[in-house]
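Participant: For reference, the sequence and a predicted model appear below.
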There are 4 protein chains.
Amino acid sequence: MAAQKSAQKSDPRAPSSTRRSEKSRRAIYDAALALVAEVGYPRTTIEGIAARAGVGKQTIYRWWSSKAEVLMEAFLDLGEQSAQAMGHEPYAIPDTGDLAADLKAVLRATVDELKDPRFEAPSRALAAEGVVNEQLGREFVTKLLEPSLQLYVERLRTAQEAGDMRPDIDPRIALELFVSPLAQRWLQYTGPISYEYTDTLVDYALHGLTPRTR
Amino acid sequence: MAAQKSAQKSDPRAPSSTRRSEKSRRAIYDAALALVAEVGYPRTTIEGIAARAGVGKQTIYRWWSSKAEVLMEAFLDLGEQSAQAMGHEPYAIPDTGDLAADLKAVLRATVDELKDPRFEAPSRALAAEGVVNEQLGREFVTKLLEPSLQLYVERLRTAQEAGDMRPDIDPRIALELFVSPLAQRWLQYTGPISYEYTDTLVDYALHGLTPRTR
Amino acid sequence: MAAQKSAQKSDPRAPSSTRRSEKSRRAIYDAALALVAEVGYPRTTIEGIAARAGVGKQTIYRWWSSKAEVLMEAFLDLGEQSAQAMGHEPYAIPDTGDLAADLKAVLRATVDELKDPRFEAPSRALAAEGVVNEQLGREFVTKLLEPSLQLYVERLRTAQEAGDMRPDIDPRIALELFVSPLAQRWLQYTGPISYEYTDTLVDYALHGLTPRTR
Amino acid sequence: MAAQKSAQKSDPRAPSSTRRSEKSRRAIYDAALALVAEVGYPRTTIEGIAARAGVGKQTIYRWWSSKAEVLMEAFLDLGEQSAQAMGHEPYAIPDTGDLAADLKAVLRATVDELKDPRFEAPSRALAAEGVVNEQLGREFVTKLLEPSLQLYVERLRTAQEAGDMRPDIDPRIALELFVSPLAQRWLQYTGPISYEYTDTLVDYALHGLTPRTR
DNA sequence: CCCTAATCGAGACGGTACGTCTCGTCTTGTC
DNA sequence: GACAAGACGAGACGTACCGTCTCGATTAGGG
């Protein structure tokens, strides 16, 4: 969104968005998400999106430069929609004072989300595209992943202040100990995903693998 | 899995492999890997592979059912080739008695490999395809990832016997604490990859995030 | 026939011809005729026509349903072109009052045309295709052959009125006595073609084979 | 047949026919004729013939050089078969002394044969191929057409001797007056074929188109 | 409140690759 | 050595999409 406004200013040959049809934009988002969910990303085509949205192909090419970009915006928009639908703040990390419990709760919520078919198809598609297309991958991280990860960073910093985490730990790295394993199992099918699994991850990460010598 | 083994024995509709041209098979592997490295996976086409390999398209379609499958076998073959080139055993995990040092050493080697352009293009391509194509993803894990991860499992079990790791820890999960973060950074560009980073991961994972009371 | 006329007006599944590229149509005709002349009909391919015309294959498939149909239209167009090039009226049958002389003159012109390489390759190709493909064969006759034959019918009718031909003769059948032998010799290589031959045909046909008693 | 024996002698690289499998040859003829009748000539493939005949493709390529040649021999063989089945002499031209009646009778028999589906598919296919492939066309004429036409030549010569035909008439050309029109109607769908039509042809040809003065 | 320029739906266009089919050659046992 | 079987290099088939390019027909905004 921000990116778009700035593009509007800086790129002189970009079409002026003032006349842009909001109805078409929405129809394209809907069609893109629906098609990805129904037939998968590779068999989702720009022609298909245009036909389903009742839109000329040029209307897509005018505003986006690739299938991946359309889906990325559609997915971001979907996130904003559902954020607005609930009481804003997508899902912040609670702070009950019990770090382990808080992390376990958030990860359990993440497990649920990863299994929600509404999100699974498009986010897998985007993640896959991002693996192979660095530019899109970084955009995916910046716009979608990193904001969520920052919530962990904040919660871990609070824990450090409360003395629940060693002060020399870098929270940005620390969070990967329990977030990345879940991510990898989901992305690459390296193992099953369950509450028990994420609970275990938190326990292992917080207390370490080696014995605590008396 | 069972299906796979039986296919390996005798799929009635598959062509009999007795007359298969070994020369063509090799040429196809080489062409596939070269093209993926040169122009990237999406712009690698079966026609391109066939042309480069000096082979009819049908010879590819006869033995493989998709571009991804060709690349998968080519990549597996590449692994076997280079394994044979060195003194077999791809890269086992050393056991010097110092668990932390051993893990750091292996992860540093992994960092190097992830940055080797010879491996990067095809393995990214396969990983991306696997994210979106579950069947291929599971094959990728079974044939490529899991064998490597089992090496960690074994080293960690040795550590447990030596009293260097708590006996109640599940090694298959434990290894993800330091392997998955590296994997995610590489796959999704969520952060830079360095020796320092992997060393830190090992330290965090082994000793935990929380203060060791007493 | 009726079906054809209605198709001419508006076949619902046919693409709207308003946006059709005239330049491509012409280029396709030229390429088709050139290729048939150069490499023969069987080795003329739709891909080849498209490539030579600088046109996408789909542009051919959009407007024609087979190689034969393309060539048929190209040939019809060629006829119209050369008709317009001269003073219209392709070549009517003269009426000097001498029936035999008039028929001999026209048949001599036909001999020349049959030997013109510009016409030979495509018309042989179409004729051959028409032998085996009844639909195309009938189209070939309707659009190309019959119009020419009607000229004979008219000339023969005039002859009947002038008392130069028996009034009980059916002109449509009569013309075959001298036209069909020439056609068969050309089509099937059953014999050489010459002015002498066609002159003889006219003589035989007009006066019969049996002796004129009294 | 004769052609084959001579080929056997003159072409040193031709395989020696002594070991040739008669069973395969017959199976190939049957398969070729059956396929042409069932799916038409263009969709009859050498692979299809081989498969249907239960024969390796090479066995076809070893003995024939093209699909057309296979069909030609198969058709010739079919003719010989049915000739032998009846009392030899396929159908000679009767000589009752009444030339017109004799010719009408033979042409009526020809009409029947042209409508026999057993002969129609392969002979159309061969004729079509012959239109476009001069070598094959001439072979078709030499082996199939000309022998039949010679029967007309002989009958007409007898008529000349009997004073039923003008002596200055060339019988080889004369026969075309009634044979070629029928051939063209059959080959090119230029008109319907019936006993009435062929009777008319004979009448027109024998007595000419112009009035017989007194 | 109209005029005009940009956006829109539609879809033809030159291309590329798809996966299939058949060609004619070559190779591998069998008889 | 001819045969059945069938893999092979080659290349055309007809289809599906690509991204570009007109076409009128809205459709807004600045005059």
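Facilitator: Here it is on my side, so go on. Numbers count the residues shown, from 1 in each chain, chains lettered A, B, ... in the order given.

Participant: Local confidence estimate at the residue most central in space within chain A?
Facilitator: With distances taken as C-alpha atoms, centre = their mean, A:L144 lies nearest the centre of chain A, 3.9 Å away. Note for A:L144: predicted pLDDT of 90.

Participant: now the residue of chain A found nearest chain D, what's its secondary structure?
Facilitator: Nearest residue of chain A to chain D: A:R43, at 31.5 Å (C-beta to the nearest C-beta). Any C-beta I mention is one placed from the backbone N, CA and C, and that applies to glycine too. Under DSSP: H, G, I helix; E, B strand; the rest coil, the three-state class of A:R43 is coil.

Participant: give the contact list for the residue nearest to the centre of chain A.
Facilitator: Counting by C-beta atoms under 8 Å, 6 or more residues apart in numbering or on different chains, A:L144 touches A:F75, A:L76, A:G79, A:S123, A:L126.

Participant: Distance of it relative to A:L35?
Facilitator: 20 Å (C-beta to C-beta, to the nearest Å).

Participant: Repeat that for A:Q135.
Facilitator: Distance, A:Q135 to A:L35, by C-beta to C-beta: 23 Å.

Participant: Specify which residue of those two has the higher count of neighbours.
Facilitator: A:L35 (22 against 11; other C-beta atoms under 10 Å in any protein chain shown).

Participant: Is that one within a helix or a strand, and which one?
Facilitator: Using DSSP states H and E, A:L35 sits within helix A:22-39.

Participant: Then A:M72?
Facilitator: Using DSSP H and E, A:M72 maps to helix A:67-85.

Participant: at contact distance from DNA strand E, anything in that helix?
Facilitator: No - residues of helix A:67-85 are not located near DNA strand E by C-beta under 7 Å from any atom of the strand, the shortest gap being 13.4 Å.

Participant: Next, the angle from that helix to helix A:22-39.
Facilitator: Interaxial angle, helix A:67-85 versus helix A:22-39 (axes from the mean of the first three to the mean of the last three C-alpha atoms, to 10 degrees): 100 degrees.

Participant: Now look at helix A:67-85 and say if it contacts chain B.
Facilitator: No - using C-beta under 8 Å from any C-beta of the partner chain, helix A:67-85 never reaches chain B; the gap is at least 10.5 Å.

Participant: what's that helix in contact with?
Facilitator: A:1, A:28-30, A:32-33, A:36, A:41, A:44-46, A:49, A:60, A:64, A:89-90, A:122-123, A:125-126, A:129, A:133, A:136, A:139-140, A:143-144.

Participant: Of the residues you listed, which qualify as buried by neighbour count?
Facilitator: A:28-30, A:32-33, A:36, A:41, A:44, A:46, A:49, A:60, A:64, A:122-123, A:125-126, A:129, A:133, A:136, A:139-140, A:143-144 (16 or more other C-beta atoms under 10 Å in any protein chain shown).

Participant: okay, stretch A:19-26 in PDB with CA atoms only?
Facilitator: Only the C-alpha atoms of stretch A:19-26 are listed here, as PDB (Å, rounded to 0.1, in the frame of the first residue of the first chain):
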ATOM      1  CA  ARG A  19      -9.200   6.800 -11.800                       C
ATOM      2  CA  ARG A  20      -8.600   3.300 -10.700                       C
ATOM      3  CA  SER A  21     -11.600   1.000 -10.500                       C
ATOM      4  CA  GLU A  22     -11.900  -0.200  -6.900                       C
ATOM      5  CA  LYS A  23     -14.500  -2.800  -7.900                       C
ATOM      6  CA  SER A  24     -12.000  -4.400 -10.400                       C
ATOM      7  CA  ARG A  25      -9.300  -4.400  -7.800                       C
ATOM      8  CA  ARG A  26     -11.500  -6.200  -5.300                       C
END
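
Participant: So for that stretch, mean pLDDT?
Facilitator: 88.

Participant: List the buried residues in the helix or strand hosting A:R172.
Facilitator: In the assignment (DSSP H and E), A:R172 maps to helix A:171-174. In terms of neighbour count (16+ other C-beta under 10 Å), helix A:171-174 has its buried residues at A:P171, A:I173, A:A174.

Participant: Which pLDDT value goes with the nearest residue to the second one once chain neighbours are set aside?
Facilitator: Meaning A:I173. Of all residues not flanking A:I173 in the chain, B:T200 sits nearest, at 5.8 Å (C-beta to C-beta, 6 or more residues apart in numbering or on different chains). Note for B:T200: predicted pLDDT of 97.

Participant: Thanks a lot, catch you later.
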